[in-house]
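Q: Sharing a model that was predicted from the sequence below.
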Amino acid sequence: MTPLIEAQDLVRTFGGRRAVDGVRCALQAGECLALFGPNGAGKTTTLRLLAGLLSPSAGEARVAGLRLPAPEARQRIGLISHRSMLYEALTGRENVAFSARLYGLADPAQATDHALRALRIADRADVPVRQLSRGLQQRVAIARAIVHGPEVLLADEPYTGLDEQGAAALTALLRERRDAGAAIVVVTHHLHEGLALATHAAIMQGGRLVRHEPAPGLDPATYASTYRALVA
Amino acid sequence: MSAPGLLAAAWLIARKDLAIEFRTRSAFLSALVLSLLAIVIFYFAWDPTAVGAGDLAPGVLWVTFTFSGLLGLHRSFGVEAQDGAMDALLIAPVPRQAIFVGKALANLAFVLGVQAVALPAMVLFYDVGVGAAWPALIGVMLLAAIGLVAVGTLFAGLTANTRLAELLLPVLALPFFVPIVMPAAQATAKLLAGRPLAESFAWLRILLAFDLVFAYACMLVFPATLDD
């Protein structure tokens, strides 16, 4: 079966430095990879390669068998970043609706409403984004990323700025998407949240996956010790 | 669901950019104030006994349009860089050229909006008799705006993620503006001097040729400027 996300020996260099050095992984529908690592380990670069936002120096990234950055592959991706990727002069609803139209949804208004409700932000959706708190902006950003029902979700520090309620809503949403058959990669520093969602866990260091294993059964406390030992 | 084609996506992007500019009005008002100030400053520095209004006005007009247009061009990609919104555009399943066309359409509306205020202001201040040349003059403005916007949008995209974007954009774009501004200023001078339209045809043909070449070439090259 063709994996939904596939990285084949991905390498990305900046100048002479290898930010990503031979990353290889594959995720089937319904699988979630939690990617941990210290700052500068290459996690965000890996995610940008998987999103087609960066071209690899070597190797290739595929989504549902389609080589990135083909538009048919990008159509299937939803990207959540620690940056909001929103237009602050527009309202949350306008931001999400703009995205829905760019993806050619048949009923952008309904899809927008649905996404905003899922993130519990429908009541603040008609306020310009600049007037929202960081946490509420992040909820709008997540609604924008999922409005087209992507099969692949790439999330880079998605919990940034979220309060407890927002974090719980995000975890529930990602779990729901995963159980519905989406493949998810979550880059996070939060071991507990990451492991609670993940079917696979990996630790990245120096551009390489230094540990990669199935997540069910992993004890967060033991894993935290392993992580600290590896990245020390 | 099927993603919009080039023109439909470009229209979505242009509409979004114009909505943002309409809400903030920051770049448009800045460009307008710059245009009017330039016209006023040139007016007070002008010695009408040495240079006739018809000789001075075309130069004033095109210097003003060129520099005020740069403000809008810089702003067009600034809104994408602010919170990483460019990534959301790049990941969307639309042709990369649609981003260029959409930005260029919004920039064209911006430049034409500034021209629509600055041109009558210039006519009033310098008391130049446009008479029956209004339609031709508007045609020259439109043709020149297309060329300026095509080149400017390309370089605005190219410099958007650099630390010196505000400095680099004029340095890179202004030399490419010359083939547009030169025939536009020449045609404007002939029209303001009351010469027959036929005398401007040669300049208008050059302007049109540069428009076509620049618009097509910039659209083709634009996706390469997005590469990391």
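A: Looks like it came in fine.
Q: what ranges do the helices span in the chain?
A: You didn't pick a chain, so chain A it is. Secondary structure of chain A (DSSP state H): helices at A:43-51, A:71-74, A:92-102, A:108-118, A:134-146, A:164-179, A:191-197, A:220-231.
Q: Not quite, go with chain B.
A: Under DSSP H, chain B gives helices at B:6-24, B:26-45, B:53-81, B:85-91, B:96-126, B:134-159, B:165-192, B:201-225.
Q: what packs against the longest one?
A: With contacts defined as 3 or more C-beta pairs under 8 Å, 6 or more residues apart in numbering or on different chains; DSSP states H and E, the packing partners of helix B:96-126 are helix B:6-24, helix B:26-45, helix B:53-81, helix B:85-91, helix B:134-159, helix B:201-225. For the C-beta atoms, the positions are set from N, CA and C on the backbone; glycine is no exception.
Q: likewise the third one?
A: Contact partners of helix B:53-81 among helices and strands, from 3+ C-beta pairs under 8 Å, 6+ apart: helix B:6-24, helix B:26-45, helix B:85-91, helix B:96-126, helix B:134-159, helix B:165-192.
Q: Let me have these in TSV, extended by mean pLDDT.
A: TSV is the format used below for these (pLDDT from 0 to 100):
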stretch	mean pLDDT
helix B:6-24	95
helix B:26-45	90
helix B:85-91	94
helix B:96-126	93
helix B:134-159	93
helix B:165-192	91
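Q: In JSON lines, list the ones you listed along with distance to A:Asp179 and mean neighbour count.
A: Formatted as JSON lines, the helices and strands packed on helix B:53-81 follow (distance: least, C-beta to C-beta, whole Å; neighbours: other C-beta atoms under 10 Å in any protein chain shown):
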{"stretch": "helix B:6-24", "distance to A:Asp179": "32", "mean neighbour count": "19"}
{"stretch": "helix B:26-45", "distance to A:Asp179": "45", "mean neighbour count": "16"}
{"stretch": "helix B:85-91", "distance to A:Asp179": "24", "mean neighbour count": "21"}
{"stretch": "helix B:96-126", "distance to A:Asp179": "34", "mean neighbour count": "21"}
{"stretch": "helix B:134-159", "distance to A:Asp179": "40", "mean neighbour count": "22"}
{"stretch": "helix B:165-192", "distance to A:Asp179": "44", "mean neighbour count": "20"}
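Q: Which of these sits closest to B:Phe222?
A: Across the helices and strands packed on helix B:53-81, B:Phe222 has its closest neighbour in helix B:96-126 (3.9 Å, C-beta to C-beta).
Q: At the geometric centre of chain A, which residue do we find?
A: With distances taken as C-alpha atoms, centre = their mean, A:Ala155 lies nearest the centre of chain A, 1.6 Å away.
Q: which residues touch that residue?
A: Contact analysis of A:Ala155 by C-beta atoms under 8 Å, 6 or more residues apart in numbering or on different chains lists A:Leu79, A:Ile80, A:Leu174, A:Ile184, A:Val185, A:Val186, A:Val187, A:Thr188.
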